[in-house]
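>>> here is the input, now give the coordinates:
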Amino acid sequence: MKDRLVDQAKKLTSSGVVVRVVSNDRVMRLATGVMDAKNRLRAARERAAEAWDILLNGHALPNIDPSLDDEAGVHGATPSRAAARRPAAPAAPAAPAASGAGLSVVEETASSEAPRERGAASRPHVNGVGSNGAGSNGAGTYVAAAAEQQLATQMAARTSLARIGGRDVFEKAYKFMTADNARAMGVYPFFRPLDFNNGPEAQLEGRTVIMLGSNNYLGLTTHPKVREAARNAIDKYGTSMTGSRLVNGSMRLHNELEQKLAAYHGKEAGLVFTTGYQVNIATISALLSNKRSVAMIDKDDHASIYDGVRLAQAAGARMVRYKHSDPAALDSALSEIADTEGALVITDGVFSAQGEIASLPGIVEVVKKHKARLLVDDAHALGVIGPGGRGTAAHFGLGKEVDLIGGTFSKSLASIGGWLVGERKVLDYIQHFAYSFLFAASAAPPCVAAAMASLEVMQEEPWRQEKLRENFTYMRTELQRLGFELGKTETAVIPIYIRDDLKTVMMWKSLLDDYSLYVNPFITPGVPPKQQVLRTSYMATHERKHLDHALEAFEKVGKKFGVI
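Take a look at the predicted model:
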């Protein structure tokens, strides 16, 4: 009788109705408010103490992290009613967001994606269900549901945790339990080590999964020519240059790739970096190096752009954010800078969490109008859009109008490193004045050789870009037909909007455990509130059987959790 009762209870709690109630946004918000009351009161006491210090000593107000405040200093953003009623505060510089839409990693501090705010969503972003919970064999017991609510509360408390300070800077680390608890419950979705990754399929913990979470857009990481190039480079040059480009780390291989990248984009010169992240940090900090410089960035730009701006701010530069992909907001923002200031407008070409292409024609027009300069980060555009995969500027026929175009080897170029193309004198200045370039070890020979071979394959095998477009168009059409919300995606990145932290991770677990489908959950604070997504991305090497299996899984899990 006991076994029968337990069995019936499991069936009841794994029903779609109970699963939807457990993951209901209002229920979770109520639980979060009650369970995080202690942290909220502590944060209130800290803020009251800060306010008292301001009254006594005239201190500036604490910095606001724009990655967590969607209304903080964004040109073109519509303030909420609460914000409209809020009294004006003394001006204070806003701390740059370190997350971007595109990130697929959980950030544990208030200043953290993505990717990426965003990002790519992103920047990244833990929550879920018990080991017997939904997404595995059912929603679990009500005890498990309570544990899920506690975990969701801990997730929401991460930003207040980051405010903890005192004599021991490790104190916040010891109090951070979210990841440990998620691991214990079997629902931690990040830093999962793959046994093997062959492109469209991978091996995770001994079983084969369909990979819909990789940026290997053209499927070149296992291409015979790319592998051979890396092997030959190791045989000829060794594994590393063991020095920076400034001293002993430059070699003809670097120069050869720089010339090919410049010619490919129709630019005068190219520059190869050790990582794609380094491209934005180095370029922005070198060019915006004084108090008369302004970084004019899209609100949803990648974390590397925000970090580059943070370095520029240390030298006195200002940051101004404009409403996402809105040329009118950019126009308004540029109209307000002083005649003595110079602006560098920086935007992702393809936003890594949304899959959306930047409104580049309007942005270029505004940039030219105000005599500013333009940097486009084409990390997720190279190989995906534009004639021959040349990216966003080529997609709109604006290659000559964009001053600087940068990106990474780690996506379509199937390697590790970064690249920048533009005028020779500008790149020459950057390589002599960007500390993160001057004092970082140069890109390893096998990485450079692999990227160069990938660039050649892209041009020799144009069918890859055509097949990639066919695959992501098919998935976008079918997911929309099923009733999923996909936003404005036009590329190989297709976000499925869930708009709830707990439900996002519950669905991620169900897709992985029940259907061997690997996707990336983007939750707060890696993405703004109500922007939680399951980020999927597609490759030229995906076969129709992979895509149809994924669609079947999405339909069943989407219905189970009440998303469609």
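
>>> quick one: list the elements packing against the host helix or strand of residue 229.
Assigned by DSSP states H and E, residue 229 belongs to helix 224-237. Counting contacts by 3 or more CB pairs under 8 Å, 6 or more residues apart in numbering; DSSP states H and E, helix 224-237 packs against helix 445-460. For glycine as for every other residue, the C-beta is placed from the backbone atoms N, C-alpha and C.

>>> follow-up on the earlier one: for the helix or strand that the helix holding residue 229 is followed by, packing partners?
Downstream of helix 224-237, the first helix or strand assigned by DSSP H and E is helix 252-265. Other helices and strands packing on helix 252-265, by 3+ CB pairs under 8 Å, 6+ apart, are strand 269-273, strand 418-422, helix 445-460.

>>> buried stuff in helix 252-265?
Residues of helix 252-265 classed as buried by neighbour count (16 or more other CB atoms under 10 Å): 253-254, 257-258, 260-262, 264-265.

>>> stretch 423-432 too?
In stretch 423-432, counting by 16+ other CB under 10 Å, buried: 426-427, 430-431.

>>> mind listing residues that contact it?
Contact partners of stretch 423-432, identified using CB atoms under 8 Å, 6 or more residues apart in numbering, comprise 245, 267-271, 282-283, 286-287, 403-404, 420-421, 437-438.

>>> how about 6 Å then?
268-269, 271, 283, 286, 437 (CB atoms under 6 Å, 6 or more residues apart in numbering).

>>> cool, stretch 369-376 as well?
Contacts for stretch 369-376 (CB under 6 Å, 6+ apart): 334, 343-346, 349, 367, 392, 402-405.

>>> return the closest of the residues you listed with respect to residue 534.
residue 349 (22.9 Å; CB to CB).

>>> so what's that closest one up against?
Counting by CB under 6 Å, 6+ apart, residue 349 has contacts 358, 376, 378, 381, 391-392.

>>> how close does it get to residue 192?
For residue 349, the distance to residue 192 equals 29 Å [CB to CB, to the nearest Å].

>>> one more: residue 433?
In terms of CB to CB, residue 433 sits 40 Å off from residue 192.

>>> higher neighbour count, these two?
residue 433 (14 against 11; other CB atoms under 10 Å).

>>> now that one, nearest residue through space, not along the chain?
Distance criterion CB to CB, 6 or more residues apart in numbering; nearest residue to residue 433, sequence neighbours excluded, is residue 286 at 4.5 Å.

>>> you'd agree residue 330 is up against residue 322?
Yes: using CB atoms under 6 Å, residue 330 is in contact with residue 322, at 4.5 Å.

>>> higher neighbour count, these two?
A direct count of neighbours by other CB under 10 Å for residue 330 and residue 322 places residue 330 higher, at 30 against 27.

>>> doesn't the more buried one fall inside a helix?
Yes: counting by DSSP: H, G, I helix; E, B strand; the rest coil, residue 330 is part of a helix.

>>> quick one: it from residue 357, how far?
For residue 330 relative to residue 357 (CB to CB), the value is 16 Å.

>>> one more: residue 193?
Taking CB to CB, one finds residue 193 at 33 Å from residue 357.

>>> secondary structure class for residue 376?
Applying three-state DSSP: residue 376 is strand.

>>> which strand residues bridge it?
For residue 376, the beta-bridge partners are residue 347, residue 405 (DSSP bridges).

>>> and for it, the neighbour number?
Residue 376 has 25 nearby residues by other CB under 10 Å.

>>> just residue 42 next, same as before
13.

>>> relative to residue 33, how far out is it?
15 Å.

>>> and if you look at residue 434?
Distance from residue 434 to residue 33, by CB to CB: 46 Å.

>>> the two: which has the busier surroundings?
Taking other CB under 10 Å, residue 434 and residue 33 do not tie; residue 434 has more neighbours (25 against 12).

>>> I figured residue 200 was touching residue 545, is that so?
No: judged on CB under 6 Å, residue 200 makes no contact with residue 545 at a distance of 9.7 Å.

>>> the two - which one has more neighbours?
Using other CB under 10 Å as the criterion, residue 200 and residue 545 rank with residue 200 on top: 21 against 10.

>>> which secondary structure element is home to residue 208?
strand 207-211.

>>> who's in contact with that strand?
Contacts of strand 207-211 (CB under 6 Å, 6+ apart): 200-202, 516-518, 546.

>>> export it to CSV, keeping only CA atoms.
What follows is strand 207-211 as a C-alpha-only set of coordinates in CSV (Å, rounded to 0.1, in the frame of the first residue of the first chain):
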residue,chain,number,x,y,z
ARG,A,207,26.1,9.3,-23.7
THR,A,208,25.6,10.9,-27.1
VAL,A,209,23.7,14.2,-27.2
ILE,A,210,22.6,16.4,-30.1
MET,A,211,24.6,19.7,-29.8
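
>>> in its sheet, what does that strand sit against?
For strand 207-211, pairing defined by DSSP bridges yields strand 201-204 (antiparallel), strand 517-518 (parallel).

>>> highest mean neighbour count out of these?
Greatest average neighbour count among those goes to strand 517-518 (a mean of 23), per mean count of other CB atoms under 10 Å.

>>> from the chain's centre, how far out does that one sit?
19 Å (CA atoms, centre = their mean, to the nearest Å).

>>> got a list of contacts for it?
209-211, 213, 511, 550, 553.
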